[in-house]
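> Need a 3D model of the following:
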Amino acid sequence: MGILDSFRRRDAEREPEPHRGYYSLADGLDGSHYDDWDERLDQVDRYVAERESEKRWWRRDYWRDRRKRWWAVRIVAGIIGLFILLVAWLAVTAPLNKSLEPIAPPQITLLAADGTPIARNGAIMDEPVDVDTLPPHVVEAFMAIEDRRFYDHWGIDPRGVARAAFTGVGGGSTITQQLAKFTFLTPEQTLTRKAREALIALWLESWLTKDEILERYLSNAYFGDNVYGLRAASMHFFYRRPENLKPEQAAMLAGLLQAPSRYNPVKHYERAEERWRLVVGAMEDAGYLTSTEVSAMRPPPLDVRLKNDLPTGTYFADWALPEAREREVGEGGAYSRQTLTTTLDSRLQNIARQITSNAPLGEAQVALVAMRPNGEVVAMIGGKDYEKSPFNRATQAKRQPGSTFKLFVYLAALRNGWDPEDRIANTEITEGSYRPGNSRGQYSESLTLMEAFAQSSNVAAVRLLGEVGSEAVIETARDLGVSSPMTAGDPSLALGTSTMSLMELTAAYAGIAGNEFPVRPRAFVQPEQNWLERLWDGPDSLSSRTHAEMEGMLRHAVNAGTGRAAMLSVPNFGKTGTTQDNRDALFVGYANGLVVGVWVGNDDNSPLAGVSGGGLPARIWRDFMRQATGAAPAPRANPTTAPDPGGPVEPLDVPGLGDIPIGDNGRLRLGEGEVIYSTDVDGTPLDITVGEQGVRIDSERIEEARRRAQDRRPEETEPAVPDQ
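Residues are numbered from 1 along each chain as shown. All right, here's what the predicted structure looks like:
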């Protein structure tokens, strides 16, 4: 220990070494030393600040500082991260496979059940093109006028934009940008849309080859005349496949893309020729054609053979088209044209059009739906004139069904144990806030359910709703396929104050006709369910007793109730409906495998003048069914053989003064301000109408009778050939 102490003492006695710039902050300093030290530090800070201010951000020494380099790296990383997020966002909002899909719905031709074309809707398209199979001059024509540096840029071409601005030849957008625009974006002209267009173009260039981009561009571009894609355009304007296009033909097609309507050669050939010369000049400037070839070229003649003489829409076609779009595409893929056969019966459709056209509607509108009990729609009239008003009053209009809704009320009662012979009060309702009345103020002590349904008693229906419960009535309507809103607890529900479409109402009656429900109206034939599918998810049905009782009430409503104007010689079933103030008049019924609903009303919901469900709609229904099913009107008793009824003859024996028999094969009907005489000429029904507008005769029927007579004349004059 002593030796160590001696060394320590010697070290302490040594002279201190000269300081090397370090100062003690605690020993040997007073207040003045602190002030001096602060002044020196301030001088250093001022010096550093002056030096930093001399640096500029564009000079190299400005970025030599480590902290600034760190911030620069962070900014660059943020920009890269933002770009990655943008690419991810585009991948979600603008999927790449969208560029493989047509930009417009392809053309669909709808046929009636017998193969008769009824409508053609959609764009004219064809299969995509393959760049490898196209002649070089076809691709060069589009590149020369639209994007000469297509194979050299990355989706955006500043040089092309500058050239287009100074020369007026070519477009400011590249082919990739145009593909991005009409595939993913809207045609709006905004900076935001242009920015998205540029981003999508870069994205397409990074994922697709140049040939793939060009193929998708040529297969989707619009060429005018409702034609999309090079293959369809080549066939439409020149009736030639794109693989066989001549240079002058390719140049004209390439010139259409800038303004397809303005340069449409079918309508404006002079403009198209002027544009064609510009394309040919661009091909020469780009080196694709020599001056000799250009001098020898002439504007190509058109060869338009495919013409569309079908309407783009009808009431039925507009209703069927959404279902047609959902069906599987053909072998040609998404670009293929489709021809689909519908359930529409052209014969029944013509009958419906003729009957509704001849009906004395005045200013009112009319709608008719005819379907089979399984829901296959065979005829549809959505209004008096589709060209004037394509609004479909059979499927789109939501109107009150009136007393036709009583079907659900009485069926709910039958399902809950009531019997058609059970009685219900038919006296006037004098208590409560809701006090409906019967038509013409006719009341009685009581009626059976059969009688109340046939006479369409309002007070009986409201009382029956109260007995059964609105929930049971709504449940019955839902079971039959009614999906429109219905208010529980509302007594006016019994009188049909809830709204629904005629199609929906007719489908509910179809469920009774076939005793299978709910019935889904459809425009295309559906495969029948096998026994396992019917067992697992088959339709519901009524018990045989309940079904027979409901059909008995529907038939009694026609034979002895408000629907007598719809009587036929075959069993027919139906119900009339008239809403408050005669705003809607309906008749819905079925016979011989057809379920038909008829509505008459004004679009502005104004009252009808003297029209009720048992009048004009019932007669339209009867006339349609008479021709559609071959069922003659209900036969009248021969007055020479009929027994004496033993009582007075009431006016209601001839409802609406219609169906007055005249002769063996004729009858007289009194319509609204006119008299209609119906007869039969050589098996052809003929109506002669006499009214304020004079005498109207169906000339087509007369011509048909004349043709039949001429067809029989050779057979009558030709001598019989004896048996060999």
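
> dump the residue contacts of S606.
R583 (CB atoms under 8 Å, 6 or more residues apart in numbering). Every residue, glycine included, has its C-beta placed from N, CA and C.

> Y288 - nearest residue in space that isn't next to it in sequence?
Computed as CB to CB, 6 or more residues apart in numbering, the closest residue to Y288 that is not its neighbour in sequence is E140, at 4.1 Å.

> wait, doesn't the one you found sit right on M283?
Yes: at 6.2 Å, E140 and M283 qualify as touching, with contact defined as CB atoms under 8 Å.

> Looking at these two, which is more packed in?
M283 (26 against 22; other CB atoms under 10 Å).

> can I assume the more buried one sits in a helix?
Yes: applying DSSP: H, G, I helix; E, B strand; the rest coil, one finds M283 inside a helix.

> Pull the contacting residues for it.
With CB under 8 Å, 6+ apart, M283 has these contacts: H137, E140, A141, A144, I145, P247, A251, L289, V294.

> Can you give me the neighbour number for D604?
A total of 7 residues lie near D604 under the criterion other CB under 10 Å.

> Flag the shaky bits of the stretch 301-450 of the chain, pLDDT-wise.
Within the stretch 301-450 of the chain, the segments meeting pLDDT under 70 span 328-335.

> Let me see the ranges of the strands in it.
338-341, 365-371, 377-381, 423-426, 444-448 (DSSP state E, counting those that start in this stretch).

> Just give me the residue closest to the centre of this structure.
P322 (4.7 Å; CA atoms, centre = their mean).

> and the gap between it and G287?
51 Å (CB to CB, to the nearest Å).

> Compute the first-to-last residue distance for stretch 214-230.
From its first residue to its last, stretch 214-230 covers 11 Å (CA to CA, to the nearest Å).

> contacting residues for A113?
T341, T342, T343, L344, D345, S346, V378.

> picking that back up, need the strands of the stretch 301-450 of the chain in TSV (columns: mean neighbour count).
Below are the strands of the stretch 301-450 of the chain laid out as TSV (neighbours: other CB atoms under 10 Å):
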stretch	mean neighbour count
strand 338-341	15
strand 365-371	27
strand 377-381	26
strand 423-426	18
strand 444-448	14
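
> So which of these is nearest A359?
Nearest of the strands of the stretch 301-450 of the chain to A359, taken as CB to CB: strand 365-371 at 6.4 Å.

> partners of the closest one in the sheet?
Here strand 365-371 is paired, per DSSP bridges, with strand 377-381 (antiparallel), strand 594-601 (antiparallel).

> Save those as CSV, and put in distance to D130 too.
What follows is the strands paired with strand 365-371, written out as CSV (distance: least, CB to CB, whole Å):
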stretch, distance to D130
strand 377-381, 42
strand 594-601, 51
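
> Looking at the ones you listed, which is nearest to P485?
strand 594-601 (19.3 Å).

> Which strands or helices does the helix or strand just after the closest one pack on?
Per DSSP states H and E, the first helix or strand lying C-terminal to strand 594-601 is helix 616-629. Helix 616-629 is packed against helix 346-358, strand 365-371, strand 573-578, strand 584-591, strand 594-601, with contacts defined by 3 or more CB pairs under 8 Å, 6 or more residues apart in numbering; DSSP states H and E.

> from the middle of its chain, how far away would the last one be?
What that stands for is strand 594-601. Using CA atoms, centre = their mean, to the nearest Å, the mean C-alpha position of strand 594-601 is found 23 Å from that of the whole chain.

> just the first one next, same as before
For helix 346-358, the distance from its own C-alpha centre to the chain's C-alpha centre is 25 Å (CA atoms, centre = their mean).

> Next, the angle from that helix to helix 616-629.
150 degrees (axes from the mean of the first three to the mean of the last three CA atoms, to 10 degrees).

> Which strands and helices lie in contact with helix 346-358?
Using 3+ CB pairs under 8 Å, 6+ apart, helix 346-358 sits against strand 365-371, strand 377-381, helix 616-629.

> Between these, which one is closest to L465.
Of the helices and strands packed on helix 346-358, nearest to L465 by CB to CB is helix 616-629, at 24.2 Å.

> among the helices and strands packed on helix 346-358, which is nearest P260?
strand 377-381 (34.7 Å).

> How far does the closest one sit from its chain's centre?
For strand 377-381 - counting by CA atoms, centre = their mean - the centre lies 17 Å from the chain centre.

> Show me the contact partners of that strand.
Contacts for strand 377-381 (CB under 8 Å, 6+ apart): 113, 315-316, 319, 343-345, 348-349, 351-353, 356, 366-372, 392, 394-395, 503, 521-523, 594, 628.

> Show the buried residues in these.
Buried by 16 or more other CB atoms under 10 Å: 113, 315-316, 319, 343-345, 348-349, 351-352, 356, 366-372, 392, 394-395, 503, 521-523, 594, 628, out of the contacts of strand 377-381.
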